[in-house]
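[1] here is a sequence with its predicted model. Questions after.
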Amino acid sequence: FFKGDSLRYLQVITAHGLIMVFFVVVPILFGGFANFLIPYHVGSKDVAYPRLNSIGFWIQPCGYILLAKIGFLRPQFWRYYDKTSFSFPFLEKIKYNQYKEYKNDYLFYLDFLKKEISDDHSFFWKARKVIKLPQYSIFSFVPLKLMMWKTMINYPESFWYAASRVVQSRRKKVFVTKCSARTLTTAGWTFITPFSSNVKYTGIGSQDILILSVVFAGISTTISFTNLLITRRTLAMPGMRHRRVLMPFITISIFLTLRMLATITPVLGAAVIMMAFDRHWQTTFFEYAYGGDP
């Protein structure tokens, strides 16, 4: 199944790690198992903060939904583009309608909107510079086309470009940017988005949503283990407080796991922030070419 297909292998490995750690082990072992066993084994009636426990539980489906949403993003549209060569890829790929010759007095017909509202290729715009591309004036950078909802839905790139022109580009220097050649990485070469395209990695959509789903899972995990550790510290019955030998081994092991989670969660949170910085602020935390550690 994986022979000769390293992309598929990395997708499955990453998906397995994410789903098992954040969406199986944490909600089942800590959310369901520990919420019953730990109060029972330390001699309390309930966890320290039952409502906090409920909040931590209901944050978990947000991560599930976002993780599943990745599979429905269109990998052919949501990618990073280098602004210098923005219009070339989809001018070659998208098959658009034949351009009808535009008559000067046609705008004054009463049935103009009735006839032409469905055909956004009737609009044309005078190009500001000489670009020798077929049908360039009716496809790219035409502000009138933004009035057409159909165009905005079918071609998100056109709207993205128009919106990006409103604000000035943060970086003037052009070199190896994160937005053109490095679409495939989030946390380095070993972290591949589950459900991404087998031909090319899905860009801005799926990996950013994946980071957000991990953030939701981390919030849920933090709330859960904080609640359980406070339960152990404050609600253990007097005879159990210093006699760990009276607790079952499974409870002792869960407490050890919770303490390890409390230690490592800030590190994971920092890693997620570094990922977001790498993708949107052109930092190089995980870029091996600049000394980072993928």
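    Yep, it's here. Numbers count the residues shown, from 1 in each chain.
[2] the host helix or strand of Ser224 packs against which elements?
    Here Ser224, judged by DSSP states H and E, is contained in helix 204-234. Applying 3 or more C-beta pairs under 8 Å, 6 or more residues apart in numbering; DSSP states H and E, one finds that helix 204-234 contacts helix 35-42, helix 50-69, helix 249-280. Every residue, glycine included, has its C-beta placed from N, CA and C.
[3] please repeat the previous calculation with a cut-off of 10 Å.
    Secondary-structure packing of helix 204-234 (3 or more C-beta pairs under 10 Å, 6 or more residues apart in numbering; DSSP states H and E): helix 6-20, helix 35-42, helix 50-69, helix 249-280.
[4] that helix vs helix 249-280, what angle?
    If you take axes from the mean of the first three to the mean of the last three C-alpha atoms, to 10 degrees, helix 204-234 sits at 150 degrees to helix 249-280.
[5] next, the contact list for the closest residue to Leu268 other than its chain neighbours, please.
    Using C-beta to C-beta, 6 or more residues apart in numbering and skipping residues adjacent in sequence, the residue nearest Leu268 is Gly218, 6.2 Å away. The neighbours of Gly218, taking C-beta atoms under 10 Å, 6 or more residues apart in numbering as the test, are Phe22, Val26, Ile59, Gly63, Leu261, Thr265, Leu268, Gly269, Val272.
[6] Ala262 too?
    By C-beta under 10 Å, 6+ apart, the residues touching Ala262 are Thr221, Thr222, Phe225, Thr226, Leu229.
[7] save those residues as CSV, and put in pLDDT too.
    CSV is the format used below for those (pLDDT from 0 to 100):
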residue, pLDDT
Thr221, 85
Thr222, 89
Phe225, 88
Thr226, 91
Leu229, 91
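[8] who wins for neighbours among those residues?
    In terms of neighbours by other C-beta atoms under 10 Å, these top out with Thr221 at 26 neighbours.
[9] returning to what we had before: for the helix holding Ser224, buried residues please.
    204-229, 231-232 (16 or more other C-beta atoms under 10 Å).
[10] check stretch 233-242 too.
    Neighbour counts over stretch 233-242 (16+ other C-beta under 10 Å) mark Leu235, Ala236, Met240 as buried.
[11] check pLDDT for these and point me to the minimum.
    Minimum pLDDT for those is recorded at Met240 (73).
[12] please list all residues in contact with that residue.
    Contacts of Met240 (C-beta under 10 Å, 6+ apart): His41, Val42, Gly43, Ser44, Arg232, Leu246, Met247.
[13] where in the chain is pLDDT low?
    Where the chain drops to pLDDT under 70, the residues are 1-8, 10-11, 70-207, 241-245, 279, 282, 286-294.
[14] so it: which segments form each domain?
    Domains of the chain are assigned by automatic domain parsing as 6-76+188-290, 83-164.
[15] still on that earlier bit, in CSV, list the contacts of Met240 along with distance to Thr284.
    Putting the contacts of Met240 into CSV (distance: C-beta to C-beta, whole Å) gives the following:
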residue, distance to Thr284
His41, 48
Val42, 47
Gly43, 52
Ser44, 49
Arg232, 42
Leu246, 52
Met247, 47
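[16] out of those residues, which is most surrounded?
    Greatest neighbour count in those, by other C-beta under 10 Å, goes to Arg232: 23 neighbours.
[17] pretty sure it contacts Leu256?
    No: using C-beta atoms under 10 Å, Arg232 is not in contact with Leu256, being 11.4 Å away.
[18] residues in contact with both of those two, list them for me.
    Common neighbours of Arg232 and Leu256 (C-beta under 10 Å, 6+ apart) do not exist.
[19] hmm, back to that, which one of the helices and strands packed on helix 204-234 is the most hemmed in?
    helix 35-42 (a mean of 18; mean count of other C-beta atoms under 10 Å).
[20] now do that helix against helix 204-234, angle only.
    Put simply, helix 35-42 runs at 20 degrees to helix 204-234, going by the same axes, to 10 degrees.
[21] tilt between helix 35-42 and helix 50-69?
    Going by the same axes, to 10 degrees, helix 35-42 makes 150 degrees with helix 50-69.
[22] helices or strands next to helix 35-42 in the packing?
    For helix 35-42, the packing partners by 3+ C-beta pairs under 10 Å, 6+ apart are helix 50-69, helix 204-234, helix 249-280.
[23] format those as CSV; extra columns: distance to Asn35.
    Converted to CSV, those look like this (distance: least, C-beta to C-beta, whole Å):
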stretch, distance to Asn35
helix 50-69, 6
helix 204-234, 7
helix 249-280, 11
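[24] which stretch among the ones you listed comes nearest Phe30?
    Taking C-beta to C-beta, helix 204-234 is the member of these nearest to Phe30, at 4.9 Å.
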